[in-house]
Every structure is written in structure tokens, then in C-alpha cells.
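A.B. asks: pasting the structure only:
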DNA sequence: CCGGTCTCGGTACCCGGTTATCGATTCTAC
DNA sequence: GTAGAATCGATAACCGGGTACCGAGACCGG
Ligand SMILES: NC(=O)c1ccc[n+]([C@@H]2O[C@H](COP(=O)([O-])OP(=O)(O)OC[C@H]3O[C@@H](n4cnc5c(N)ncnc54)[C@H](O)[C@@H]3O)[C@@H](O)[C@H]2O)c1
Ligand SMILES: NC(=O)c1ccc[n+]([C@@H]2O[C@H](COP(=O)([O-])OP(=O)(O)OC[C@H]3O[C@@H](n4cnc5c(N)ncnc54)[C@H](O)[C@@H]3O)[C@@H](O)[C@H]2O)c1
């Protein structure tokens, strides 16, 4: 599955949550389509691929969509995850509620700074990074989020792989070198900002040329 | 231009910076290709679209690539930008060095909390959000980053649009409603985490079925 | 100097994502 | 009950990004 498609599914889910909170029980393909900038046709094909059936003149049942899309993304499972690096970024991530939304359960925080070890963030204690391997192994944690300086990330990742971690959400500005089979999802905030820059440049040049429609 | 293509250009740029720091002066299309998981053909077409010429048996001059890709993304320009919401996330963004890499110059910070107003982060003073409009107008700032709670984001965005802001980098978990022509680039960290969840589920099911190759 | 090899530039083709279209089904209105 | 509108499901057509391929230029070794 391509990234665009995956992103569409995620956006459907985000939108469904909103619709449900408004009391809606069903939704049509065209409604989902306009929010995504695609046609109803595309939406119907997306849902069809998940074996989701709708009813003519009624649409799709929101509850069905939520369950099926969620299970495809495997975000119902509460996979335990650890976060290493309780700086500004780490703290913001801990305090956000994205973990449960994406099927993770944030169960452990680690840092190397004595000033933060022993404190708690969002009720989760910050442990000494020196004790990391043991805790990870004992708890069977297979996912980790890295929010620490680029020059520390590779060494920490190596230790975590040894302890059994098989998937990383990496914020450090470095390409991690990991064994085959280990997943690294890099979160490069730079890219969002560069994309914004490009869109600004494009809009400005389009307006300078004058709208063509 | 599609998002995938844009992302490829950005990755070329990131990689070029690294190569240059290693003392390299030229790079071949195949070298750039393997890092991106595409063929040399695709890279040559990408570069050809930017009117970048290489030399047979030598490759492309890294300096040329950097300048042309950078200018396409318009990241040489140092556009002034303001950041609103100096919480954990805002602080992490201020302290990162992504702004200059993406063609922006972070010139102003705003918050509503008296406890942080008057302090400074990375040498930039935090101003009272009440004085936001005036400063934005006087400085001619047209870009803003929103790192504040979802229920405050729309009101702040409205005020900023009135003051002249025409592009947003939005971290609040809400779909901003803005006039036509105003750009909103949403940074949804949830998506990265959901993508990780999906990749984990896919790997696990693939392994269960056994490698097919 | 010359064949061999490497890599670029351009072209043709392919594939899959997207849209368009049409028949089938269900609900509403009278 | 029937006409009409709305919406789904399926299929076909379209389009553009990606790949394969080939000829041309550049460097190397002998
Ligand atoms: N584009 C992006 O993805 C992006 C954006 C912002 C920041 N970042 C990066 O995220 C990282 C964290 O940012 P931040 O503002 O929170 O930085 P920070 O300095 O505030 O936090 C880093 C934390 O990591 C801890 N740490 C250092 N070495 C460690 C180790 N070996 N084991 C465990 N913990 C260790 C430190 O004690 C500190 O608490 C930085 O590398 C920054 O460059 C990336
Ligand atoms: N997926 C994501 O994109 C993602 C991830 C993490 C956090 N977030 C969001 O980012 C936002 C900030 O996160 P955080 O951890 O820094 O929160 P935070 O509470 O630490 O910081 C919010 C800051 O905004 C300030 N603020 C509130 N109202 C304001 C106003 N009207 N004008 C100016 N400033 C105002 C507060 O004083 C505070 O300093 C939150 O909304 C959070 O949900 C999003």
C-alpha cells in the first residue's frame, strides 16, 4: 500500500471520530471525499478494499468504518512503547494523547540526566537510562521512541535493539543504522516546514502569473 | 508536483549536505537513487526537470544540485516567521535548527502565560500574545507556527490572518478554517505513529506467512 | 589511438492510482 | 404503488509517475 493511500485511511479515521462526536451514525462516500480532495469513487474503492459495504442512499455505518480501518492499521492493540530522552520534545510527546490513538501504550520513560531521573511526567516515572535494557527485556517492549540528541541516538538504538526493540519512532536528525527487520519511522519535522516553504513560493509565483481560471 | 516527488527533492538535499561534509564534489544518479529506493532513471528525470545537467561517467556537481534544489524549494530566502505557544513543543521547535534549513527566520515568540512572557528562548524574547497583531504588522511577518492547545488555535489563527499572516505551520489537533489563499500545513505527529503501527502489523503478518522470496 | 566501460539524456512503455460511467438498490414523495 | 432521486458497487478509461532501454559522450587502460 502506498503512503498516500495509508494517509487517506488515517484521515478517514480522524474525520469519523469528529462526525461521531457530532452524533452522526452514517456517512456517504462523497462526504469523506471532499475533505480529502478526492472523488467519491476513490473513497468507495478504498472502503471496498477493506470489504466494507455501504447501503445505497444511506452511506456507510460510521461504527463499521472505525472498527475496520482501526483494525487494518492495528491501532486497537495497545502495544507497549518506551520513550527515551525527556527533553522539551519528549515531554510534549508524553503529554499528548496520540499514543492511545495510534495503538500504543506509553509505559516507560528514560533519560540520562540525573536532574530528571526520578521525576514523573503525566504520571509516568522517568527511569535511569542505565537500567533501560533490563526493563525493556522484562516488560517485553518492542517499540521505542527516540527524542534525544542526534549524536546519542545511534548508541541508544543499538542498546535497545539488543534488548529486543524491533520498531523505532525516531526524532533525532540522523539515519539510524539497524539490522534487517527492524523498522525505523523517521519523523522529520524539517520536511513539513520545507513543504510549507515550497507551497508559499508556488502560491506567490502563481499569483504573479495571474490566476489561469 | 506530487508530495512524493517533493519529498524526494528534500531528501536529495539532506543527503547532499551529508556527502558534501564528507568532501565529495560530485554524485551519480544511482547513488542518490538507492537511498530513496528508486531507480537512477527517476533521479535523472527529477534533476532534468530542474534543468540540472550532469556529465557522463562523472555524475552531477553537488554544489549545483544544492543551489538549484534549494531555490526551487525557496529555502534560501529567510522568510520571517513567528511562533505562538511556548509550551514544551514550542520550546523544542525554537531550540531546533530547522528554521534556517527550510528558509525561515524565527523572529518572534508569543504566549499568553504571564509566567513565560518576558523570558527568552534561544535568545529570542517571549512577547505577550496580546501585542501580537501590532508586532506582526509592523514587521511584515507573513508566516506563523501554531504550537498551542486545539481550542485556542482557531481564535489565534483568525487574529493572525487579520494581522497579515498568510501561511501557517499548525501543530494543534484541529482543522483550521481560513480564507482562500491562506496556506495551512498541518503537522500531525499522530500520522507518523499510525504509520509505524501499520508497518509493524504488516511486518508481523508477513513474517507469519513466511518470506515469499 | 582505440576498444571497453561507465553514466548521462531522452524516449517508449508499463503499471497502478484516480476518475468517469453505468446499472442496481433503497428511500422519499405523492 | 410508482416515479424519481440518491447512493452504492463494479468496470472501464485516463493519466502521470516510475522503469527499462538505448544512443551519446567521457574517461580508462593498454
Ligand atoms: N525535525 C525533527 O525531527 C526535530 C525537531 C525538534 C527537535 N528534534 C531533535 O529531537 C531531539 C530532542 O529535542 P529536545 O528539544 O527535546 O532536546 P533536549 O536537549 O531538550 O532533550 C534531550 C534529552 O535527551 C536526554 N539524553 C541525552 N543523552 C541521553 C542518553 N544517552 N540516554 C538517554 N537520554 C539522553 C537529555 O538528558 C535530554 O533530557 C534533539 O536531537 C533535536 O535535534 C528533532
Ligand atoms: N500530533 C501533533 O501535532 C501534536 C503532538 C504534540 C502536541 N500537540 C499539540 O501541540 C500543542 C502544544 O503542545 P505543548 O505540549 O507545547 O502544550 P503546552 O500546554 O505545554 O503549551 C501550550 C502553550 O500555549 C500557550 N497558550 C495557550 N493559549 C494561548 C493563546 N491564546 N495565545 C498564546 N499562547 C497561548 C500556553 O500558555 C502554553 O505555553 C497542544 O495543542 C498539543 O495538543 C500536537
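C.D. replies: Nice, I can see it. Quick caveat, the model's predicted, so the values are computed rather than measured. Ligands and ions are numbered 1, 2, ... in the order given.
A.B. asks: Low-confidence ranges, chain A, go.
C.D. replies: A:210-213 (pLDDT under 70).
A.B. asks: how about the helices in it?
C.D. replies: Counting by DSSP state H, chain A has helices at residues A:3-21, A:29-36, A:40-49, A:62-73, A:88-95, A:98-101, A:132-139, A:150-163, A:189-209.
A.B. asks: can you redo the ones you listed as TSV with distance to chain B?
C.D. replies: To be clear about C-beta, it is placed using only N, CA and C from the backbone, and glycine gets the same treatment. Rendered in TSV, the data for the helices of chain A read as follows (distance: least, Cβ to the nearest Cβ, whole Å):
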stretch	distance to chain B
helix A:3-21	5
helix A:29-36	8
helix A:40-49	14
helix A:62-73	5
helix A:88-95	4
helix A:98-101	5
helix A:132-139	16
helix A:150-163	11
helix A:189-209	4
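A.B. asks: Tell me which of those approaches residue A:124 most closely.
C.D. replies: helix A:88-95 (6.7 Å; Cβ to Cβ).
A.B. asks: Please name every helix or strand in contact with that closest one.
C.D. replies: strand A:79-84, strand A:104-111, strand A:120-121, helix B:88-95 (3 or more Cβ pairs under 8 Å, 6 or more residues apart in numbering or on different chains; DSSP states H and E).
A.B. asks: Can you get me a residue count around the closest residue to residue A:42 other than its chain neighbours?
C.D. replies: Leaving out its chain neighbours, the residue that sits closest to residue A:42 by Cβ to Cβ, 6 or more residues apart in numbering or on different chains is residue A:33, at 6.6 Å. As a burial measure, residue A:33 scores 18 neighbours (other Cβ atoms under 10 Å in any protein chain shown).
A.B. asks: got a list of what residue A:33 touches?
C.D. replies: A:39, A:40, A:42, A:43 (Cβ atoms under 8 Å, 6 or more residues apart in numbering or on different chains).
A.B. asks: how much space between the first one and residue A:60?
C.D. replies: So the one you mean is residue A:39. According to Cβ to Cβ, to the nearest Å, residue A:39 stands 16 Å off from residue A:60.
A.B. asks: Could you do the third one as well?
C.D. replies: To residue A:60, residue A:42 is 14 Å away according to Cβ to Cβ.
A.B. asks: Between the two, point out the one with more neighbours.
C.D. replies: The neighbour count for residue A:42 versus residue A:60, taken as other Cβ under 10 Å, is higher for residue A:60 (23 against 16).
A.B. asks: Quickly list what that one is bridged to.
C.D. replies: Beta-bridge pairing for residue A:60 (DSSP bridges): residue A:27.
A.B. asks: Confirm for me that it is in contact with residue A:27.
C.D. replies: Yes - Residue A:60 lies in contact with residue A:27 (Cβ atoms under 8 Å); the separation is 5.8 Å.
A.B. asks: Spit out the contact partners of residue A:98.
C.D. replies: Taking Cβ under 8 Å, 6+ apart, we find residue A:98 in contact with B:189, B:190, B:193.
A.B. asks: Skip the chain neighbours and tell me the closest residue to the second one.
C.D. replies: If I follow you right, that is residue B:190. Nearest one to residue B:190, counting by Cβ to Cβ, 6+ apart, is residue A:98 at 4.6 Å.
A.B. asks: Can you report how many residues lie near residue A:186?
C.D. replies: By the measure other Cβ under 10 Å, the count of residues near residue A:186 is 16.
A.B. asks: Distance check, it against residue B:5.
C.D. replies: Counting by Cβ to Cβ, the separation of residue A:186 from residue B:5 is 19 Å.
A.B. asks: quick revisit: buried only: go through the contacts of residue A:33 for me.
C.D. replies: A:42, A:43 (16 or more other Cβ atoms under 10 Å in any protein chain shown).
A.B. asks: What about the residue in chain A positioned nearest to ligand 1? Give its phi and psi, please.
C.D. replies: Proximity of chain A to ligand 1 (Cβ to the nearest ligand atom) peaks at residue A:87, 1.7 Å away. For residue A:87, the backbone dihedrals (degrees, to the nearest 10) come out as phi -90, psi -150.
A.B. asks: Name whatever forms a beta bridge with residue A:184.
C.D. replies: Legend: beta-bridge partners of residue A:184 under DSSP bridges are residue A:168.
A.B. asks: Just give me the neighbour total for the nearest residue to residue A:130 once chain neighbours are set aside.
C.D. replies: Distance criterion Cβ to Cβ, 6+ apart; nearest residue to residue A:130, sequence neighbours excluded, is residue A:112 at 7.6 Å. Using other Cβ under 10 Å, residue A:112 is surrounded by 16 other residues.
A.B. asks: Likewise for residue A:53?
C.D. replies: 10.
A.B. asks: need the contact list for it.
C.D. replies: Applying Cβ under 8 Å, 6+ apart, the residues contacting residue A:53 are residue A:60.
A.B. asks: If we use 10 Å, what do you get?
C.D. replies: By Cβ atoms under 10 Å, 6 or more residues apart in numbering or on different chains, the contact list for residue A:53 reads A:47, A:60, A:61, A:64.
A.B. asks: Surely the first one touches residue A:12?
C.D. replies: It stands for residue A:47. Yes - taking contacts as Cβ atoms under 10 Å, residue A:47 lies within contact range of residue A:12: 8.4 Å.
A.B. asks: Indicate the residue of chain A located nearest to DNA strand C.
C.D. replies: For chain A, the residue closest to DNA strand C is residue A:56, as judged by Cβ to the nearest atom of the strand, at 3.1 Å.
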